[in-house]
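> My questions concern the predicted model and sequence given below.
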Amino acid sequence: MLNHIVLMGRLTRDPELRRTGSGIAVASFSLAVDRDFGSSANNGEKETDFIDIVAWRNTAEFVSKYFTKGRMAVVSGRLQIRNWTDKEGNKRRSAEVVADNVYFGDSKRDAAGDSGGYSPAPSYGYSAPAAPAAGSSHGYAAPAAPAPASDFSMIEDDDSQLPF
């Protein structure tokens, strides 16, 4: 039998770190996960599921240290159904994901931005010109300045020096 789930979404709140009586770390948080399709009842708009996540031990410590509300996270774990009784004595049932691994779904720079919008690729010293260069049909001209100096030297492309 197999019980494995992988989710990618944004944290809806900062993780809450607690400890059991024996000192074991446990973190709880929830993810907002968009569905890949829109329903006809919602005029084609995507729906979002809010999924409770529980992480234990080192994973809990990691999540509470590095993740905050709005960060994109990828969670790998198992689905767990819990039965419990509320304050009025009613029997309740809830589903949660017990996280085995939690990964960053965005870079820290992306998370500092508008949380969810487009983030441009990093620049490596070049930028496109404001106006198309004369004689250029595609609107981009190679930069006039050479690439920044590097601490690395070019490797000769000579197969005669290969040891095999």
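Cool, the structure landed. Here the structure is a predicted model, which means the values were calculated and not measured. Numbers count the residues shown, from 1 in each chain.
> what ranges do the strands span in this protein?
Using DSSP state E, the strands assigned to the chain run over residues 5-11, 16-19, 25-38, 46-56, 72-85, 91-104.
> For the first one, which strands pair with it and how are they oriented?
Yep, that's strand 5-11 we're talking about. Under the criterion DSSP bridges, strand 5-11 sits next to strand 25-38 (antiparallel), strand 72-85 (antiparallel) in its sheet.
> Return the per-residue confidence for Ala133.
At Ala133, the pLDDT value in this model is 46.
> now the one 5 residues further on
For His138, the pLDDT comes out at 46.
> same check, this time on Met154
Turning to Met154, the model gives it a pLDDT of 56.
> what does Asp151 give?
The score at Asp151 is 57. That number is its pLDDT.
> Identify the spatial nearest neighbour of Glu47, chain neighbours not counted.
Spatial nearest neighbour of Glu47, excluding adjacent residues (Cβ to Cβ, 6 or more residues apart in numbering): Arg35 at 4.9 Å. For the C-beta atoms, the positions are set from N, CA and C on the backbone; glycine is no exception.
> is it true that that neighbour touches Glu45?
No - with contact taken as Cβ atoms under 8 Å, Arg35 and Glu45 are classed as non-touching, separated by 10.0 Å.
> re the thing from before, I'd like to know which of the strands paired with strand 5-11 is closest to Tyr66.
Taking Cβ to Cβ as the measure, the strands paired with strand 5-11 were each checked against Tyr66, and strand 72-85 came out nearest at 9.6 Å.
> buried residues in the longest helix anywhere in the chain?
Looking only at the chain and at elements set by DSSP state H, the helix with the highest residue count is helix 57-66. Within helix 57-66, the residues that qualify as buried by neighbour count (16 or more other Cβ atoms under 10 Å) are Thr59, Ala60, Phe62, Val63, Ser64.
> go on, stretch 2-16?
Buried positions in stretch 2-16, judged by neighbour count with 16+ other Cβ under 10 Å: Leu7, Gly9, Arg10, Leu11, Pro15.
> Tell me which two in these are the farthest apart.
Within the buried residues of stretch 2-16 (distances taken as Cβ to Cβ), the two that end up farthest apart are Leu7 and Pro15, at 14.9 Å.
> ok, and what's touching the longest helix of the chain?
Residues external to helix 57-66 that are found in contact with it (Cβ atoms under 8 Å, 6 or more residues apart in numbering): 15-17, 24-27, 29, 55, 73, 99-102, 104.
> what is the rounded mean pLDDT of that helix?
96.
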